[in-house]
Structure formats: structure tokens, C-alpha cells
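>>> sequence and predicted structure are below.
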Amino acid sequence: MVYIAWMKAETLLPLGKLDPGLRAPDAGLDLGAVPADAGRVEALGYHALLMEETKEDPFQVLALAAAATKRVHLGTSVAIAFARSPYVTAQAAWTLQKLSGGRFELGLGSQVRGHIQRRFGMPWEPPGPWMRDYVRALKAIWHSWQSRTPLAFESAHYNLNLNVPLFTPAPIEHPEIPVQVAAVNPYMARVAAEVADGVRLHPVCTPDYINTVLLPAAAPYRQPGFEVCLKPLIAAAPDEATLAERAEVVRARLAFYCSTPAYARAFAFYGLEDLCTKLVGLSKRGRWAEMAANIDDDLLHRFAVVSRYDTLADDILARYADCIDRMEVSIPLVEPSDFGALSAIVERLHQGASGGQAQNR
């Protein structure tokens, strides 16, 4: 199944505005364009439209998209779990599931300690055990609402036992809301397999890392239907000259990821600890412009798909078909011809998956 994500222009996945021309990186999402954009995504043949939590509230944006579509699924990629209580997240997801007629899925991420404490003003605890309790709490809340039974959930992190009729949502037609947990390290991959319906892997997870580290960690706990999802780093363009320019954007993004300690294990898998240490130092000194120069072409191609539009789908299938069930992909829509190219890419990926190239693991 092929998914699309609304992202900022500099990520090369800029579907916050589908009209020709890229917006400035800091312009944010054009909320007025969301209904029309969602309709175009549905027409392009995507299975789902995903919204990440960066500058906009993903639940509100997806509500606009839900009201404007009938077929395409909708999901968070991801919402920050530890910035919200499980009840608040449960209510937002329940409302979107009701509004969309059962087309919503909830992707959750932990974020890193600095953001939880210093941006969201929330306490911090080890994220793996916390996420396990968080997802279990969500499902207990939803079950109590749908079954009209008392809420009774106890864990190391939550003690939830109060349902007041005035504040308790009514049952809905599609109460089973899929939950996916973001992971870059094996422990969180295990947690996802234990309590969720899928795992959302970080873009720095290469096929070798996925097959060697993450899938074995999840394997003993996976239930039937558990899905492995990925939004890879992609640089794509219609021609080589434009591709070279867009590859530099991805090179800079990869350097940023390499400077983030939470992702260090994916780079340590390739013996890149010294590079990570160097880039952490540059980032702390605010020397962002120098970081990308430390990512050579071999490293870029190891972690990112760099392809022309006419080969992008086949390159993705060749790289990820043996380890990924669901793929997020899009291209910058600058020229009218880009819509046709994107439609062809989506169709080819669907064909590859249905033809058995993508395995259900």
C-alpha cells in the first residue's frame, strides 16, 4: 500500500500546496488548500494521506481532509504521544474515526527528552515502557467507550478509572482504530509488536538495519496483520540536473539526522560513531551549513533513494520489497507534468506490491 505525507517544502515531499511552485520553507501548511489537496491525493490513487506533527496540529488538519474525501485513509505520521495524556489522544482519534467513517489510523511517536521537557513542558521517563503503557491505556479507553463498561486501567504510568456520562463519548460504527508506533531502536520495535498494529520506522532505517536489527527484535511478539511502515529519505526529479539539486536537500537532512543522538544506533550499525560525534558538535555550535559536507555520496545513497521519476518506483521496490509492508512516497509537484509522473509512480508501486514483490512480514 502506498501512502503520502504532507511535509515542508525542503523535505522534497511538499504536498501542503499542490499548485505549481514551492512555498518558502517557513510558510507552513496552506490550511485553506487542505480540502482540495486531499481530494487530489484521493484522485491520484493513494491508499492513505498522512500528516506529521511539526508546525500544525495533525488532528485538525486531518479533520479538514476527512470532510473533503470519501475513500482515502487518513493518519498521523506521527502525533507526539508524550505531549498529551492518553485520554486526550483517545478522544482526538475517536472523533476523527467517527468523522472519516472508519478511515483513520493513529501513528504515535515518543519524541526525544529535550523536546518533551523543554518544548512541551512535560516530564520525561524511559520511552519504551512508557509507550507500552500509553498504547494499552488508549485501547482500554476506547474499549470502555464502545462497550459502555467502566474504565479500569492500571499500569506503572497510568491509573484510569473514571468515566462520567457527561464526558464519555458514545459508541461509533468503526471502533477498531489501528495504532502504529514509531521506532528507530530495537526495544521500541518490540514494544510496537507487543501492543500496536504496526511499526513506523524512521527514515534512517536502511534495509540491512531493518532486517538485521529491528525485525528480529519485533518477531517474537508480532501478531497477524502487524505492518512494517516506512517513509524513506527520497530525492527525486524528472532529470539529472534537478535531481542533483534535490539530492543536496536530502544530504542536509541526513546530516541533521546523523547529529541526533536518538538515531545514533542506526548509524553505529555502519560504524559511523565518529561521524555522529562530529556532527553533534557542529549542531551544538550552530554550524548547520557545514554539516552536509560531511555526508559523502556513498553515505547518501546508503540511506536515501536518489532516483529520476521514471525509475523511482522500481528503485524503491528493489530496495525495500523484502522488509516493508507499507511505503510513504511523494514528489515535489512543481510542473503540471509532475502530477502524471506521480500517478504513474503510485500505480507502479501498487503493482509491485500486489504482484508479490512486497512481502507481508
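Perfect, thanks for sending it. Numbering: from 1, shown residues only.
>>> switch to C-alpha atoms for all contacts and neighbour counts from now on
Noted.
>>> count of neighbours near the residue nearest to residue 292 when sequence neighbours are not counted?
Of all residues not flanking residue 292 in the chain, residue 252 sits nearest, at 4.6 Å (C-alpha to C-alpha, 6 or more residues apart in numbering). Residue 252 has 22 neighbours, counted by other C-alpha atoms under 10 Å.
>>> residue 195 now?
Neighbours of residue 195 using other C-alpha under 10 Å come to 21.
>>> likewise for the one 4 residues further on?
Neighbours of residue 199 under the rule other C-alpha under 10 Å: 27.
>>> which strands or helices does the helix or strand where it lies pack on?
Secondary structure from DSSP states H and E places residue 199 in strand 198-201. Here strand 198-201 touches strand 179-183, helix 186-195, strand 227-230, going by 3 or more C-alpha pairs under 8 Å, 6 or more residues apart in numbering; DSSP states H and E.
>>> same thing but 10 Å
Using 3 or more C-alpha pairs under 10 Å, 6 or more residues apart in numbering; DSSP states H and E, the elements in contact with strand 198-201 are strand 104-109, strand 179-183, helix 186-195, strand 227-230, strand 326-328.
>>> so can I have JSON lines of those showing distance to residue 204 and mean pLDDT?
Output for the helices and strands packed on strand 198-201, formatted as JSON lines (distance: least, C-alpha to C-alpha, whole Å; pLDDT from 0 to 100):
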{"stretch": "strand 104-109", "distance to residue 204": "15", "mean pLDDT": "98"}
{"stretch": "strand 179-183", "distance to residue 204": "11", "mean pLDDT": "97"}
{"stretch": "helix 186-195", "distance to residue 204": "14", "mean pLDDT": "98"}
{"stretch": "strand 227-230", "distance to residue 204": "10", "mean pLDDT": "95"}
{"stretch": "strand 326-328", "distance to residue 204": "14", "mean pLDDT": "89"}
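>>> surely residue 213 and residue 201 touch.
No - the criterion here is C-alpha atoms under 10 Å, and residue 213 misses it with residue 201 at 12.0 Å.
>>> which one of these two is surrounded by more residues?
A direct count of neighbours by other C-alpha under 10 Å for residue 213 and residue 201 places residue 201 higher, at 24 against 19.
>>> distance of the more buried one from residue 326?
Separation of residue 201 from residue 326 (C-alpha to C-alpha, to the nearest Å): 10 Å.
>>> okay, and the common contacts of these two?
Residues touching both residue 201 and residue 326 by C-alpha atoms under 10 Å, 6 or more residues apart in numbering: 228, 229, 230, 231.
>>> from what I can see the third one touches residue 181, true?
No - in terms of C-alpha under 10 Å, residue 230 does not count as a neighbour of residue 181; the distance is 11.5 Å.
>>> which stretches of the stretch 101-250 of the chain form helices?
All helices of the stretch 101-250 of the chain, identified by DSSP state H, counting those that start in this stretch, fall at 113-114, 127-147, 186-195, 207-209, 215-218, 240-258.
>>> quick one: residue 265 and residue 257 touch, right?
No - shown here, residue 265 and residue 257 do not form a contact pair, counting by C-alpha under 10 Å, at 11.4 Å.
>>> shared neighbours of those two, anything?
residue 204.
>>> re earlier: higher neighbour count, residue 230 and residue 181?
Taking other C-alpha under 10 Å, residue 230 and residue 181 do not tie; residue 181 has more neighbours (29 against 24).
>>> identify the residues contacting that one.
77-79, 81, 106-110, 131-132, 135, 188-189, 191-193, 195-201, 229.
>>> swap in residue 79?
Per C-alpha under 10 Å, 6+ apart, neighbours of residue 79: 51-54, 57-59, 89, 106-111, 181-182.
>>> is it true that residue 56 lies in a strand?
No - read with DSSP: H, G, I helix; E, B strand; the rest coil, residue 56 is coil and lies in no strand.
>>> okay if I get the helices of the stretch 101-250 of the chain as JSON lines plus distance to residue 171?
Conversion of the helices of the stretch 101-250 of the chain to JSON lines gives the following (distance: least, C-alpha to C-alpha, whole Å):
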{"stretch": "helix 113-114", "distance to residue 171": "36"}
{"stretch": "helix 127-147", "distance to residue 171": "4"}
{"stretch": "helix 186-195", "distance to residue 171": "22"}
{"stretch": "helix 207-209", "distance to residue 171": "41"}
{"stretch": "helix 215-218", "distance to residue 171": "32"}
{"stretch": "helix 240-258", "distance to residue 171": "42"}
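>>> single out the most deeply packed of these.
helix 186-195 (a mean of 23; mean count of other C-alpha atoms under 10 Å).
>>> ok, and what's touching that one?
110, 127-136, 139, 179-183, 196, 198-201, 210, 213-223, 226-228, 265.
>>> stretch 56-65 - what's its average pLDDT?
Mean per-residue pLDDT for stretch 56-65: 96.
>>> one more: stretch 127-143?
The average pLDDT within stretch 127-143 is 98.
>>> gap between that stretch and the chain center?
Distance, stretch centre to chain centre, for stretch 127-143: 19 Å (C-alpha atoms, centre = their mean, to the nearest Å).
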